[in-house]
Structures are given as C-alpha cells and as structure tokens.
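Undergrad: Fold the following, please.
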Amino acid sequence: MINPPKQKNIPQKTRHYRSYKNYRHRKKYSFKKLSILIPLYNEEESLKPLFEEIRKGVRNLNIEYEIIFIDDGSTDSSLNVIKELSKRDTRVKYISFRKNYGKSAALNIGFKNAAGDVVITMDADLQDDPLEIPNLLNELEKGYDLVSGWKKIRYDPFVKRNSSKFFNWVTRIFSGIKIHDFNCGLKAYRVEVVRSVYVHGELHRYIPVLAGWKGFKITEIPVKHHPRRYGKTKFGISRFFKGFVDLITVIFTTRYIRRPLHLFGLVGALSFVTGFVIDAILAFFWLFYNKPLSNRPLLLLGLLLMIVGVQLFAIGLLGEMMVHKFPSEDDINIKEQN
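TA: Presented below is the predicted three-dimensional model:
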C-alpha cells in the first residue's frame, strides 16, 4: 500500500493554532460591555484618526464595546464625520447638541446613555492615548471603582501646564483625594460611579472628588500624553478662575451639605473671636492707660468682625434647621443589600 503524501499546508494549521493560542491567553475581564465616551467641540480633523486608534486599543480585548461621540454644538463638520463613522461601524453612536453647553453637560448626557458596565472617557484631540484602555481596565479589575489617568509628561503650553499643577495641588489639599491629575480626560469608571454622580457647570474636573465623597475607591496610573495634532486648545485663563469657584462649590456640596453649621459656624466663630480680641485689647489700653478710642480704625474693624461672625453663625444655624426639617437619604450610597 502506498503511503499518502505528507500534508503541505502545515503553516496554515500552525497559524490557526497560534491564533487560537493567542485568543485563549487573552485576559478575560469580569465586565460584559465597555462604553467609550468622547465629548468634542470642533474636532473634525482628529475624529477619523481617533476612531482608528480606539479600534487598535480594544482589538485584543475579549469584551463587547461601543463608542459614543457627544458633539457639543460643533460649528465645523464634526457631526458629518461622526455620521460617516457610524455608517462604517454600527458600534459607533453619537449625540449632537444644538449649541455648546460645555464638557460637563456632554459627559452627563453620555453617562445617562452609556450601555456598558464600564465607561471610558477621553478627549477627542488625540492627546489621550486609546492604547492605555487595557491598563485602565486592569486597574479596575483590582477592585477600584474609578481609575484616573495621570499625564506625568505633558505636551501642553507652559501656562496650562503650570496652572494645572497649582490647581491640582490646591484640589488635593481641600478635597483629601490623593491623585495628581484631576482634570485628565482619560478615565475609567464602573457604571455605579457614573450613575451616582451628577456633573453640571464645570464640575467635570472634580468627578474624582464627587466620587470619593460617595465612598468609591479611586486610584490613578500614569498615561501617555501626546502633543495636539489638529486645531487649537480650548483652554482659556477664564477656565482657571472658574475652576477655583467650582472647587468651593464641590467642597460645600460634598463635605458640608448636610452639616452647614460646621462650615459657617467655624468661620463665624473665628471672625467673632478675632474681632472680640481686637476690641478687648483696645478696651484694656483705654481703661488702664487712658488711650483714647476715637480715631481708631481697629475699633471699627473689631466691631465689624464680630457682627460678621454672628451673621455667619446664624446662617449656619438656619441651614442646620433646614437640613433637619427636610431630611434626605439621596446622598446615602448603598454598596450591597441582602
């Protein structure tokens, strides 16, 4: 009997075996679906390259995903480009605003429409690297609820870099959240986080603070940052000042919203005690050293500080009365329940 000839298609079998082996060794995540949110405003040139980079970043992930572009009232052809991408890939979805509402409003709408149990946010200017997505997911798998990117090496203008460092330092001091880059657009969230926080105004910078005060576990990892390829930055000096006003809002609405007397009472007490000490010293010199009180601006300053202190304390007391009059459990975040 003549032996059959040897198979010559071994490389093809080997290729299939290797492909199966690579598939078998892909990391299996506990997440079922991934939602990638991209808020944008006038970024028509960067959208197609960004789409291709995202597909590269998630190509080897064994997980279903969707890409949601939120067009924040762009005046260029960004929406047309997004529509073209959605025709090419059914996983591309989009939401378009009639006018520019800001990044916080775009993220808030995106959070409500995300279908995944993990949400990735990134900017549309190609400065955030989609290849970092697996690294963010790996950190979530360690038990964290929010993973923030840290642009350790930045390719931004000098003013933006240094103002951002100062802003992040102040935010760390006041919030107690120990991360280096609060405003990095590249973040990963469990869906419980995005369902629990409400962002409006310019509060997108403080999502880690809002999440931290609701008890979620937060961490950060260094991520790659790229120079801007197209268009121009939306950063302006006015955003720097708005950021600090929003920081006061966040601190009050998270730490003191249920105990306003702790804030107003403390500031009021300090003001009253300072004014009382000033006027007491002046009264001492008037009684024992016959120093006249007329033409003494410090006397008026002390009286003013005491009056302001009493008013602040009264505001805090009224706030406490309102909180106890209308108790609410909306801020109580339940992790598990049997």
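Undergrad: going forward, measure contacts between C-alpha atoms and count neighbours the same way
TA: Will do.
Undergrad: Can you pull out the low-pLDDT segments for the protein?
TA: Residue ranges of the chain with pLDDT under 70: 1-27, 233-241, 324-338.
Undergrad: Could you pull out the helices in it for me?
TA: Along the chain, counting by DSSP state H, helices occupy 10-24, 47-58, 78-88, 103-113, 133-140, 158-175, 191-196, 207-212, 237-255, 260-288, 297-325.
Undergrad: most packed of those helices?
TA: When the helices of the chain are scored by mean count of other Cα atoms under 10 Å, the highest mean neighbour count falls to helix 207-212 (a mean of 24).
Undergrad: For that one, which outside residues touch it?
TA: With contact meaning Cα atoms under 8 Å, 6 or more residues apart in numbering, helix 207-212 is reached by 146, 148, 175, 177, 182, 193, 196, 197, 199, 218, 250, 254.
Undergrad: quick one: which of those is nearest residue 156?
TA: residue 182 (15.8 Å; Cα to Cα).
Undergrad: my guess is that closest one contacts residue 203, does it?
TA: No. Judged on Cα atoms under 8 Å, residue 182 makes no contact with residue 203 at a distance of 10.8 Å.
Undergrad: Looking at the two, which is more packed in?
TA: More crowded of residue 182 and residue 203, by other Cα atoms under 10 Å: residue 182, with 26 against 21.
Undergrad: separation between the more buried one and residue 212?
TA: Going from residue 182 to residue 212 by Cα to Cα, to the nearest Å gives 12 Å.
Undergrad: picking up where we left off before, now the helices of the chain in CSV, with distance to residue 31?
TA: Output for the helices of the chain, formatted as CSV (distance: least, Cα to Cα, whole Å):
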stretch, distance to residue 31
helix 10-24, 17
helix 47-58, 13
helix 78-88, 24
helix 103-113, 17
helix 133-140, 9
helix 158-175, 30
helix 191-196, 10
helix 207-212, 20
helix 237-255, 29
helix 260-288, 40
helix 297-325, 39
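Undergrad: Out of the ones you listed, flag the one nearest residue 39.
TA: Using Cα to Cα, those put helix 103-113 closest to residue 39, at 5.9 Å.
Undergrad: which helices and strands does that closest one pack with?
TA: When contacts are defined as 3 or more Cα pairs under 8 Å, 6 or more residues apart in numbering; DSSP states H and E, helix 103-113 sits against strand 33-40, strand 64-71, helix 191-196.
Undergrad: quick one, it and strand 33-40 angle?
TA: 160 degrees (axes from the mean of the first three to the mean of the last three Cα atoms, to 10 degrees).
Undergrad: what's the angle from helix 103-113 to strand 64-71?
TA: Using the same axes, to 10 degrees: helix 103-113 against strand 64-71 is 150 degrees.
Undergrad: Find out how far helix 103-113 is from the centre of the chain, if you would.
TA: In this view, helix 103-113 has its centroid 12 Å away from the chain centroid, taken as Cα atoms, centre = their mean, to the nearest Å.
Undergrad: Can you tell me what sits against it?
TA: 37, 39-40, 68, 70-72, 119, 194-195, 198-204.
Undergrad: can you tell me how far residue 204 sits from residue 194?
TA: For residue 204, the distance to residue 194 equals 12 Å [Cα to Cα].
Undergrad: Could you tell me which residues touch both of these two?
TA: With Cα under 8 Å, 6+ apart applied, the contact sets of residue 204 and residue 194 do not overlap.
Undergrad: Could you identify the most distant pair in the contacts of helix 207-212?
TA: Taking Cα to Cα, the two most distant members of the contacts of helix 207-212 are 148 and 254; they sit 19.7 Å apart.
Undergrad: Spatially central residue for the protein, please.
TA: residue 207 (3.4 Å; Cα atoms, centre = their mean).
Undergrad: Kindly tell me how buried residue 33 is, as a neighbour count.
TA: 17.
Undergrad: pretty sure it is in contact with residue 63, am I right?
TA: Yes. The criterion here is Cα under 8 Å, and residue 33 meets it with residue 63 at 6.0 Å.
Undergrad: Please parse the protein into its domains.
TA: 30-255, 260-325 (automatic domain parsing).
Undergrad: now the last one: how far from the chain's centre is it?
TA: Here domain 260-325 shows a centroid-to-chain-centroid distance of 39 Å under the convention Cα atoms, centre = their mean.
Undergrad: likewise stretch 205-215?
TA: For stretch 205-215, the distance to the chain centre is 8 Å (Cα atoms, centre = their mean).
Undergrad: how about a markdown table for the helices and strands packed on helix 103-113, with distance to residue 225 added?
TA: Shown next, in a markdown table, are the helices and strands packed on helix 103-113 (distance: least, Cα to Cα, whole Å):
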| stretch | distance to residue 225 |
| --- | --- |
| strand 33-40 | 16 |
| strand 64-71 | 21 |
| helix 191-196 | 24 |
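Undergrad: For residue 58, find the nearest of these.
TA: Distance to residue 58, taken as Cα to Cα, is lowest for strand 64-71 among these, at 8.2 Å.
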